[in-house]
Each structure stands twice: as C-alpha cells, then as structure tokens.
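In: predicted coordinates and the sequence they were generated for:
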Amino acid sequence: MAKVTSNEEFEAWLETQDQPVCVAIATRTALRVFPAACPPQSDQTSNVQNDLAVLTGRALLTSGVAGKMPTSDVIDSALSALSATRSAVSAFSATHSATRSAVSALSAALSADSANRSALSATRSALSAAVSALSANRSATRSALSAAFSAAFKDQHVLNDLGSDQWEDLYAQPLWDSAILRDLFDPIWTAFKISPTGQSDEFAFWVEWYQSFVDSSPMDWELQRRVALIDDEIWKAGAKAVAKEIQRIQAEYLIEKTPQVEEVFETDNGLYEVRGATANPSKLVDSVLSRVDFTLSTAAQSNHCDLSEISTPAKTLRYALLVGPDDPNTMEQFFRSASAQIKGKIADGIFAEDDEIKLLTDTLDEVALQLRADHPDVADATLSRLEQGIRELNAEKRLEAAARMDNLLEGTGERLRSELSLAAEITRDGSSEEATAEALRQSGNRAGKITLAERAKKAEGSGAMAGVKIGMRAQKLVEFVISVLSGGG
C-alpha cells in the first residue's frame, strides 16, 4: 500500500501488518502523550497521582520491550502490567486518556489477533489526551486532532519507504514530528522535568527513560527489559518502592557494563576505599575455557534439562571454546549470547531448569563479567562504547559528569577520594575522549559498587554513612554513565 493520507487508509493498512509493527505503532502513539499522564506541577502531589504516572510508564516500557523481546517472562510481566494499569485507569479523568493509550499499546503486545485494533485504539486514546491537554479553543483542538493522526501516518510513511520488517527503526524517528504536537506536549514535559516531583528520586529513571524517546535514542533495551521484569509485588508497593528497585538494577547493570579489576570496600571508620587486584590474561582464558567446558558437558549429560550437544546454545558454546584462545572478545560475546538463548528456552518451556543448567548459565554470566573486567582485549571493547557516547557529549554534560564525581568525594578514603578528584578533573578538561571514557568507566563502576553496598547496609538496618547520603550521590553518577552507554548522554 502507498503512503496513507486518511484515517480509513491507516486502519486498512494496520489490518495488513504483523504484530511487531502494530506494537511499535501503538507504543510510539502512546509515548507521544505520556506527559499528559504525569502529575500536575505543584510542590506536593498525592501518592495516587505519582503511582498512576509510574503505572503508565510501566505499561509503555513493557509494551516496547514485549514488542522487541516477546519471551514468556516478558509476556507475563506485560499481563501483570495490563491488569494493574486497567485497575487504576479511572483514578483521574485528566490522565485517563493518556493511560488508556498505554493500555492499548500493551494489549497490542499481548494479542497478535487484535494487535491492529489495539494500535488503532491507542491512536484514538492519544487524540483524547491531546484534546484534554488543550483549553476550550476549538481551532487548537482541531489542529491537535489532525497532528496526532498525522504523526501515526508518518510512522506508516517511514515503514512504507524502509519496509515493514524495519519497524525497529521507528524508535529512531522524532517522537513529536510536528510543531503542533511539540508545542502542545513539550511545555508540559519540560515543566514536569523541573518540578519537585520530576526532580524527585521516584521519577529520576522515568524522566531519563522518556527523554531518551524524545531524543530518538531509546534507553538500552536490556536495561528496560530488566525494569519490565520487576516483581509485581514491588510495582504494587508504589512509586517509591519501584524507584529503589530500579536503582539496584541500574547499579548492577553498570557494574556489568563497566567492569573494573579492583575491590571497593568500607573501612573501619566508615569511609569507602578502593584496592587493586591483579590478573593474568592467558591464565584467565585457560580457567574460563576449563570452567565452561566442564559445566557445558555436565549440563549436556543431564537427563532432565533437555540441553544437548546439537542444540543451538551448545553449538554456540563449542564454537566460543574453539576461538577463545585467539579471540577472547568474540568468546565473551558468544558466552553472553548462549546464556541468553538458554534462559529464553527455559522461560519458553523448551528447556527444563535443573541444577546442571543453572550452574551453566551462572558460570557463563560470571566468566563473561570476569572477562570484561580482567582481560584487556575485552575491556577495550567496553571502553570503545563509552568513547562513542563521549563524542556526543557537549561541554555542559561533561561538567555535569565531573560535578557528580566531585559529589562523591565526601565519605571516601584517601586513595579513592584522590582518584575520583582526578577523574573529575580529566572529565572537565575533556581534551582526550579516551581519557574521559576511562574516567567515566572507572568512576561509574565504583559508584555502582557503593550504591549496592549502601543498599545492603540499609536492608540490614546499619549504615554509618547515612548522614552524608553517599548512596544517593553515587546513584546520580550511575544514572549519568548509563545514559552515556545508552547513547542518551
């Protein structure tokens, strides 16, 4: 079909599309009006308003993840999100349409048979949200209605040019692709970002997450997947509980992405300090090969897990073991790929989970992390991703990163304080992309470890550092470095 120009043509086109296309269309349509679901701008908003906004964000995030990674665990999370959001959708009429649009996007991700109808429903709900955001000005209302449908039409035009199988490229397109929509929703979004609620810990992640779509550079989908899989009981506990769990996820994610051969520990006087460790790359590879070979053979010989030597994950691992001595970077990538394959097959019921296969996936995750931390060739690949993100940082963002490093100085020991101060100085200077990337990688990893340590202390009811709130300051640096890794810096 050619490029659509009317509602009827758009509806007819949706009827011909596969589920992933409809999910992407529905998700982007609902994303455009997400600011209408954010709490009103005041010094204090009710917990119910905040929770509804987070539920709307959860629905949109999960629909996007389900469209890209429709594994059984993600679909289960999508079902829970759909139920929770439907239950809350009538709480406030002002946010009802934006939240209902998110519900339609989730519905598209959950049902292939009705995905096209759900995408159309998301578009219609987005229209209602646009109208609700306007005054009684009828001319403006008519313009907003036209712009909302035109935005969906433009997504169809993109796919008409690229081919529907390129639907993932939609997320790199402008979200508000008309002056009318931008003039309508950008002021609402900007006002929310600088409001007390938008600046709060409860919304730190959601502001960064939504801004990444506004910037046409979505947050790393693996990080989004981990947020989507947060236990339903935590979502039910409200925005504050969700924010704390997301902080834990971000810290662990950053430690994985920016591994560091060292230990961050707390001294007897309650200060955080760092000490180095040594690693021999060739001995590391030998150890990794031996461990993976043993756990793979054990799992393949199991009579319960259904993993065999002819399965794709086993073939992937055997190839990784073959090339590992000469190409540790490729080996590490295949380890992560095989682990993801196995976990997906367990989630889909193709493999049964027993002690042997769990030992294999745990070993793969551990050795992949160890390779990224301790092997120079693998660590260089991580550094190159940071360098790419740093090329896109402006001077203002570099100064922001340096300031977050400076904020960590209080509560650290002599060596860690000196190295954080030097990292901040290198980042402010910014003359070397490689040096700045290394400073961000090192500081981000350390901040992630401090964040996790502070969370553990809080859970135990201890915490000598509570007075200086180093965990909160570390989390701010974690969030910044993740945004650079995701391309949203």
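Out: That came through fine.
In: average pLDDT across the helix or strand hosting Ala98?
Out: In this structure, Ala98 sits in helix 93-110 according to DSSP states H and E. Mean pLDDT, computed over helix 93-110, is 68.
In: may I see the buried residues of that helix?
Out: 95-110 (16 or more other CB atoms under 10 Å). (Each C-beta comes from the backbone N, C-alpha and C, glycine too.)
In: elements contacting that helix?
Out: helix 19-32, helix 47-68, helix 72-88, helix 115-132 (3 or more CB pairs under 8 Å, 6 or more residues apart in numbering; DSSP states H and E).
In: could you give the angle of that helix to helix 47-68?
Out: Angle of helix 93-110 versus helix 47-68, following axes from the mean of the first three to the mean of the last three CA atoms, to 10 degrees, is 20 degrees.
In: and the angle from helix 93-110 to helix 19-32?
Out: On the basis of the same axes, to 10 degrees, helix 93-110 is oriented at 170 degrees to helix 19-32.
In: got the angle for helix 93-110 vs helix 72-88?
Out: Using the same axes, to 10 degrees: helix 93-110 against helix 72-88 is 150 degrees.
In: low-confidence stretches in the stretch 51-200 of the chain?
Out: Applying pLDDT under 70 to the stretch 51-200 of the chain flags the ranges 89-96, 112-115, 118-120, 122-148.
In: at 80 what do you get?
Out: Applying pLDDT under 80 to the stretch 51-200 of the chain flags the ranges 85-152, 177-181.
In: deepest of the helices and strands packed on helix 93-110, which one?
Out: helix 19-32 (a mean of 28; mean count of other CB atoms under 10 Å).
In: mind checking how far that helix is from the chain centre?
Out: Chain-centre distance of helix 19-32: 18 Å, with CA atoms, centre = their mean, to the nearest Å.
In: output the contacting helices and strands for that helix.
Out: Using 3+ CB pairs under 8 Å, 6+ apart: helix 19-32 touches helix 47-68, helix 93-110, helix 115-132, helix 138-162.
In: tabulate the CA atom coordinates of stretch 213-225 in PDB.
Out: Taking Å, rounded to 0.1, in the frame of the first residue of the first chain, the C-alpha atoms of stretch 213-225 are listed here in PDB:
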ATOM      1  CA  PHE A 213      12.500   8.600  23.300                       C
ATOM      2  CA  VAL A 214      12.000  12.300  22.900                       C
ATOM      3  CA  ASP A 215      15.700  12.400  21.800                       C
ATOM      4  CA  SER A 216      15.100   9.500  19.300                       C
ATOM      5  CA  SER A 217      17.700   7.400  21.200                       C
ATOM      6  CA  PRO A 218      15.900   4.900  23.300                       C
ATOM      7  CA  MET A 219      17.400   3.800  26.600                       C
ATOM      8  CA  ASP A 220      19.300   0.500  26.300                       C
ATOM      9  CA  TRP A 221      16.600  -2.200  25.700                       C
ATOM     10  CA  GLU A 222      18.300  -4.700  28.000                       C
ATOM     11  CA  LEU A 223      18.100  -2.200  30.900                       C
ATOM     12  CA  GLN A 224      14.400  -1.600  30.000                       C
ATOM     13  CA  ARG A 225      13.800  -5.400  30.000                       C
END
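In: what lies in contact with that stretch?
Out: 31, 61, 64-65, 68-69, 74, 171-176, 189, 208-209, 212, 249-250, 253, 482-483, 485-488 (CB atoms under 8 Å, 6 or more residues apart in numbering).
In: go through the helix or strand hosting Phe185 and flag the buried ones.
Out: Per DSSP H and E: Phe185 is located in helix 179-193. Using 16+ other CB under 10 Å as the test for burial, helix 179-193 gives Ile180, Leu181, Arg182, Leu184, Phe185, Ile188, Trp189, Phe192, Lys193.
In: same question for stretch 305-318.
Out: Cys305, Asp306, Leu307, Ser311, Pro313, Ala314, Thr316, Leu317, Arg318.
In: measure that stretch end to end?
Out: 18 Å (CA to CA, to the nearest Å).
In: any idea of the mean pLDDT for it?
Out: Stretch 305-318 comes out at a mean pLDDT of 88.
In: okay, angle between the helix holding Ala98 and helix 179-193 too, please.
Out: Orientation note: helix 93-110 sits at an angle of 110 degrees relative to helix 179-193 (the same axes, to 10 degrees).
In: list the helices and strands the longest helix seen in the chain packs on?
Out: Counting residues, the longest helix in the chain under DSSP state H turns out to be helix 433-460. Judged by 3+ CB pairs under 8 Å, 6+ apart, helix 433-460 is in contact with helix 239-257, strand 262-266, strand 272-276, helix 376-391, helix 395-406, helix 414-429, helix 470-485.
In: compare these and say which comes out lowest on pLDDT.
Out: Mean pLDDT, when computed for each of these, is lowest for helix 376-391, at a mean of 71.
In: returning to that earlier point: nearest to Pro376, of the buried residues of helix 93-110?
Out: Lowest distance from Pro376 to the buried residues of helix 93-110 (CB to CB) belongs to Ala109, with 41.4 Å.
In: and the helices and strands packed on helix 433-460, which is most packed in?
Out: Comparing the helices and strands packed on helix 433-460 by mean count of other CB under 10 Å gives helix 470-485 as most buried, with a mean of 23.
In: related to what we said a few turns ago, now the helices and strands packed on helix 433-460 in a markdown table, with distance to Asp231?
Out: Converted to a markdown table, these look like this (distance: least, CB to CB, whole Å):
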| stretch | distance to Asp231 |
| --- | --- |
| helix 239-257 | 8 |
| strand 262-266 | 27 |
| strand 272-276 | 29 |
| helix 376-391 | 29 |
| helix 395-406 | 29 |
| helix 414-429 | 33 |
| helix 470-485 | 20 |
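In: closest one to Ala299 among those?
Out: helix 239-257 (22.7 Å).
In: what lies in contact with that closest one?
Out: Outside helix 239-257, the residues that touch it by CB under 8 Å, 6+ apart are 47, 50-51, 53-54, 58, 201-205, 222-223, 226-227, 230-231, 234-235, 369, 372, 382, 444-445, 447-449, 451-452, 455, 474-475, 478-479, 481-482, 485.
In: kindly reformat the helices and strands packed on helix 93-110 as CSV containing distance to Leu360.
Out: Shown next, in CSV, are these (distance: least, CB to CB, whole Å):
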stretch, distance to Leu360
helix 19-32, 30
helix 47-68, 25
helix 72-88, 18
helix 115-132, 36
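In: for stretch 352-368, buried residues please.
Out: Applying 16+ other CB under 10 Å to stretch 352-368 flags Glu353, Asp354, Glu356, Ile357, Leu359, Leu360, Thr361, Thr363, Leu364, Asp365, Val367, Ala368 as buried.
In: tell me the contacts of the closest residue to Leu229 other than its chain neighbours?
Out: In space, and not counting its chain neighbours, Leu229 is closest to Ser77: 5.5 Å by CB to CB, 6 or more residues apart in numbering. By CB under 8 Å, 6+ apart, the residues touching Ser77 are Thr62, Ala228, Leu229, Ile230, Asp232.
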